Every structure is written in structure tokens, then in C-alpha cells.
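Asker: Predicted model and sequence follow; I will ask about them next.
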Amino acid sequence: MTQDSAAAPLPTGGIPFDVAALGNYLKKHLEGFSGALEVSQFQGGQSNPTFRLAAGGRRYVLRKKPPGELLPSAHAIDREFRVISALAGSDVPVPRTFCYCDDPAIIGTAFYVTEFVDGRIFYDPALPGMAPTERAEIFDAMNRVVAALHRVDYKAVGLADYGKTGNYFERQIARWSRQYRASETERLEAMERLMDWLPKNIPSGDATTIVHGDLRLDNLIFHPTEARVLAVLDWELSTLGHPLADFSYNAITWRLQPAEFRGLAGHDLAALGIPDEEAYVAAYCRRTGRAPIPPDDWDFYCAYNMFRLAAILQGIMARAVGGNASNHDALEVGRRAKPIGEAAWRQVERILARH
């Protein structure tokens with residue numbers, strides 16, 4: 001799917017903000033902006049509503065906070081804008097940023113505008129319809145970009161104060177436990193066990209890099225015909241943190257079923273041309289100069305990320321129940337919190353079985 005085809009025109013009166021007010025604002029704050037403004041909303045996405053703007057023969061992308069009561073620290077539009085702007089010119093491909101607005105009087109919530117990057121977005125990691133060599137190249141390109149992000153000198157690009165350093169897993173487990181509790185709609189036994197076990201079993205060692213927080217294949221825009229990443233999207237959860245927390249989230253695709261959350265488990269990877277988990281992890285370690293990751297540590301990182309994903313999905317469920325979801329299938333997506341939490345506990349059981 002191209003980024004363009006992911007944008008659907010909204011029916012008359014269906015746009016949840018004043019298009020004329022937005023157009024007037026952009027004429028004052030976006031150099032070169034002119035003409036009548038057309039707006040369509042991108043399909044998919046469960047967090048910050050995203051829109052394609054077209055005016056004067058040019059296209060842009062707008063991301064805004066959703067309406068309604070929001071969880072603390074969630075939907076950090078200002079942080080997205082800052083990190084994307086800081087990474088311009090680095091080895092990490094990002095859209096060009098134009099303007100940020102925190103005045104709710106314009107379209108109801110804070111928003112920012114970037115360039116529109118024309119390319120392909122892949123929602124199914126099995127990459128149906130591709131040749132094995134193409135799949136291998138797509139995954140290698142993704143691995144290269146993840147490694148590039150974790151090699152960025154965050155101080156040199158002006159992000160020294162973008163997050164706390166040290167004790168990342170401890171802080172994140174506590175944060176996502178709070179977020180989960182704040183959006184809890186039913187008791188999930190696996191989540192209860194994880195909130196008890198994870199903080200007591202954090203691997204030793206620490207490191208700090210920029211972390212994206214949601215490094216999935218479908219948050220990358222690929223060149224229309226080449227296996228090359230043109231832009232990394234959706235930086236809402238980015239901060240300073242442990243690179244292996246970020247990378248293991250990218251890699252839990254190999255441990256999840258397709259029905260759980262766009263996973264690869266159960267596929268014949270060799271036939272598809274997709275590297276197996278071991279090869280993918282080894283490529284990342286080679287690109288970042290990291291020693292092989294101990295199995296217990298790796299299983300912990302995977303468990304942590306599935307726990308975190310389950311907490312995020314629970315937040316989507318709570319927004320769906322509260323009527324503030326930005327996507328019509330939010331309830332269905334939110335229901336995945338339970339099986340993802342159970343998958344997280346299975347990673348813990350891999351560790352326990354070794355001891």
C-alpha cells in the first residue's frame with residue numbers, strides 16, 4: 001500500500017476540525033503554502049489522528065492529538081516534532097518538518113505539519129506478492145535503519161535532554177504498569193504476573209541512545225520501487241533509552257502469530273526469503289558493534305516489549321470504551337491486550353525453564 005492510498009477522503013462535515021481555520025494558519029506559518037486546502041484522513045493508526053493535506057499542487061501531512069481526556073504523557077505531538085526535526089540530515093530518514101502549533105483554538109488540539117513522503121507501507125510482515133530476494137532486501141533495509149538510529153549521537157543532534165538516562169527498563173516497566181492500571185477494563189492474570197516478575201529480573205548493564213518506541217515495519221515508508229527506507233514515522237513514544245528495548249520490540253514480530261499482532265510465527269521464513277530471528281538479531285549486533293545477546297536477556301527484552309504492547313493495546317481498549325478512539329476498529333485491536341500479555345508471560349517461562 002502506498003502512503004497516498006492509505007488516505008481516505010472524509011465525507012462532507014466529517015472532518016473533526018475547522019479546515020478554513022487551518023488553511024488560514026498555514027498561509028501565515030508555512031512558507032509557500034497557497035491555494036484551497038483539501039483534507040483526507042489516513043486509515044489505520046490508533047493514536048494520533050493523521051491527515052493528508054493538499055493545496056496549491058503540493059501535499060503535506062498533519063498529525064494532531066486526539067480529542068477528549070488523555071492519559072498523562074500520552075500523544076506527545078511536541079516530542080514527535082522535536083525528534084523528527086533533530087534527525088534531519090542524519091542516517092535516519094525522516095520527513096521534513098514545517099511547523100508545530102500548540103494553540104487549541106486552531107483545530108481543537110496541538111498539531112504539526114511535515115512533508116508528504118510518497119512511497120510504500122507494508123502492513124503484513126510476510127510481504128505477500130513479493131519475490132524472496134525482495135523480502136530479504138526489505139528486512140535488511142529495516143535492520144539497517146534501526147541500527148542507524150541507535151548509532152546517532154543524541155547529544156550532537158541536540159537531544160541531550162530528550163529523556164532521562166539510566167535505569168530505563170525499571171522506569172518503563174513502572175510507567176507502563178501505571179498506564180495499564182489507568183486504562184484497565186478487566187483483570188488479566190498474565191499482566192498481573194508480569195508486573196510482579198519483570199521489575200525483579202531486569203538484566204544487568206545499561207546503555208543510552210535515541211529510541212523510537214514503535215519500530216514496526218508499517219511505521220516505515222519504503223521507496224516506490226526500491227528496498228530503501230525513505231522515512232520513519234510515528235515518533236510519539238520516542239525518548240532516550242536502552243537500544244535493546246527498542247530493537248527487541250522491532251524483533252518480537254518473529255515471536256507473535258499473525259492474528260496476535262502482525263507476527264511472523266508459523267510462516268516458512270526460508271521459503272519466503274525472510275531472515276530468521278537469529279540472523280536478524282546477528283545483523284543488528286554486527287551493524288552496531290554489539291556482542292551477542294545472552295538468551296535470558298533477549299527473552300526478558302521480548303517479554304518486556306510484549307507486556308508494554310499489551311499495556312498500549314489496553315489503552316486503545318479504554319479509549320474505545322470511552323468513545324475517544326481515533327479508529328473504528330479500536331475495540332477489536334484493544335481485545336488483543338489479553339493474548340499479547342499471555343505471549344509475554346510465555347517468554348518469561350522460557351527463562352524459567354532454563355533455571
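Answerer: Alright, I've got the coordinates. Keep in mind the model is a prediction, meaning the values are calculated, not measured. Numbering: from 1, shown residues only.
Asker: Show me where the stretch 251-355 of the chain dips below the pLDDT cut-off.
Answerer: The stretch 251-355 of the chain contains residues with pLDDT under 70 at 324-328.
Asker: scratch that, the stretch 1-150 of the chain is what I was asking about
Answerer: Filtered on pLDDT under 70, the stretch 1-150 of the chain yields the residue ranges 1-15, 44-47, 68-75.
Asker: where along it do the strands fall?
Answerer: 7-9, 38-42, 50-55, 58-64, 97-101, 111-115 (DSSP state E, counting those that start in this stretch).
Asker: right, so of those, which gets closest to residue 274?
Answerer: strand 38-42 (26.5 Å; CB to CB). Yep, even glycine has a C-beta here, placed from its N, CA and C like the rest.
Asker: counting contacts, what elements does the closest one pack onto?
Answerer: For strand 38-42, the packing partners by 3 or more CB pairs under 8 Å, 6 or more residues apart in numbering; DSSP states H and E come out as strand 7-9, strand 50-55.
Asker: Count the residues that sit near residue 294.
Answerer: 11 (other CB atoms under 10 Å).
Asker: Name all residues that make contact with it.
Answerer: Residues in contact with residue 294 (CB atoms under 8 Å, 6 or more residues apart in numbering) are residue 203.
Asker: List phi and psi for it.
Answerer: Backbone torsions for residue 294, taken as degrees, to the nearest 10, come to phi -60, psi 140.
Asker: my guess is residue 88 meets residue 94, correct?
Answerer: Yes - in this structure, residue 88 is within contact of residue 94 by CB atoms under 8 Å, at 6.3 Å.
Asker: neighbour-wise, which of the two wins?
Answerer: More neighbours surround residue 94 than the other of residue 88 and residue 94, with 22 against 13 (other CB under 10 Å).
Asker: Relative to residue 334, how far out is the more buried one?
Answerer: 29 Å (CB to CB, to the nearest Å).
Asker: can you check residue 49 too?
Answerer: 17 Å.
Asker: out of those two, which sits in the busier spot?
Answerer: Set residue 49 next to residue 334 and count neighbours by other CB under 10 Å: residue 334 wins out with 23 against 20.
Asker: How about the contacts made by the nearest residue to the more buried one once chain neighbours are set aside?
Answerer: Leaving aside its sequence neighbours, residue 334 sits nearest to residue 317 (CB to CB, 6 or more residues apart in numbering; 2.6 Å). Going by CB under 8 Å, 6+ apart, residue 317 touches 183, 185, 330-331, 333-335, 337.
Asker: Now list the buried members of these.
Answerer: 183, 330, 333-334, 337 (16 or more other CB atoms under 10 Å).
Asker: For my notes, confirm residue 312 occurs in a helix.
Answerer: Yes - under DSSP: H, G, I helix; E, B strand; the rest coil, residue 312 sits within a helix.
Asker: that older thread, need the strands of the stretch 1-150 of the chain in a markdown table with mean neighbour count and distance to residue 209, can you?
Answerer: Compiled in a markdown table, the strands of the stretch 1-150 of the chain are given as follows (neighbours: other CB atoms under 10 Å; distance: least, CB to CB, whole Å):
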| stretch | mean neighbour count | distance to residue 209 |
| --- | --- | --- |
| strand 7-9 | 15 | 32 |
| strand 38-42 | 18 | 29 |
| strand 50-55 | 20 | 26 |
| strand 58-64 | 21 | 24 |
| strand 97-101 | 19 | 21 |
| strand 111-115 | 22 | 23 |
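Asker: Let me have those in CSV, extended by distance to residue 202.
Answerer: Listed next are those as CSV, based on distance: least, CB to CB, whole Å:
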stretch, distance to residue 202
strand 7-9, 41
strand 38-42, 37
strand 50-55, 34
strand 58-64, 33
strand 97-101, 35
strand 111-115, 34
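Asker: and stretch 85-95, how far from the chain's centre?
Answerer: 16 Å (CA atoms, centre = their mean, to the nearest Å).
Asker: Give me the contact list for that stretch.
Answerer: Stretch 85-95 has contacts (CB under 8 Å, 6+ apart) with 61, 84, 96-97, 114-117, 145, 148-149, 151-152, 157-159, 162, 210, 229-233.
Asker: how near is the residue most central in space within the chain to residue 245?
Answerer: Residue closest to the average C-alpha location in the chain (CA atoms, centre = their mean): residue 214, at 2.6 Å. For residue 214, the distance to residue 245 (CB to CB) stands at 12 Å.
Asker: where do the helices sit along the stretch 51-200 of the chain?
Answerer: Assigned by DSSP state H, counting those that start in this stretch, the helices in the stretch 51-200 of the chain fall at 77-86, 104-107, 132-151, 168-182, 189-197.
Asker: Which one, of those, ends up nearest to residue 40?
Answerer: Ranking the helices of the stretch 51-200 of the chain by distance to residue 40, with CB to CB as the measure, places helix 104-107 first at 14.9 Å.
Asker: Which elements pack onto the closest one?
Answerer: Using 3+ CB pairs under 8 Å, 6+ apart: helix 104-107 touches helix 19-29.
Asker: Now the helix it packs on: buried residues?
Answerer: Residues of helix 19-29 classed as buried by neighbour count (16+ other CB under 10 Å): 19, 22-23, 25-26.
Asker: Show me this protein divided up by domain.
Answerer: Dividing the chain into domains by automatic domain parsing, as the record does, gives the ranges 4-115, 132-353.
Asker: can those domains go into JSON lines with extra columns for distance to residue 123?
Answerer: Output for these, formatted as JSON lines (distance: least, CB to CB, whole Å):
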{"stretch": "domain 4-115", "distance to residue 123": "7"}
{"stretch": "domain 132-353", "distance to residue 123": "5"}
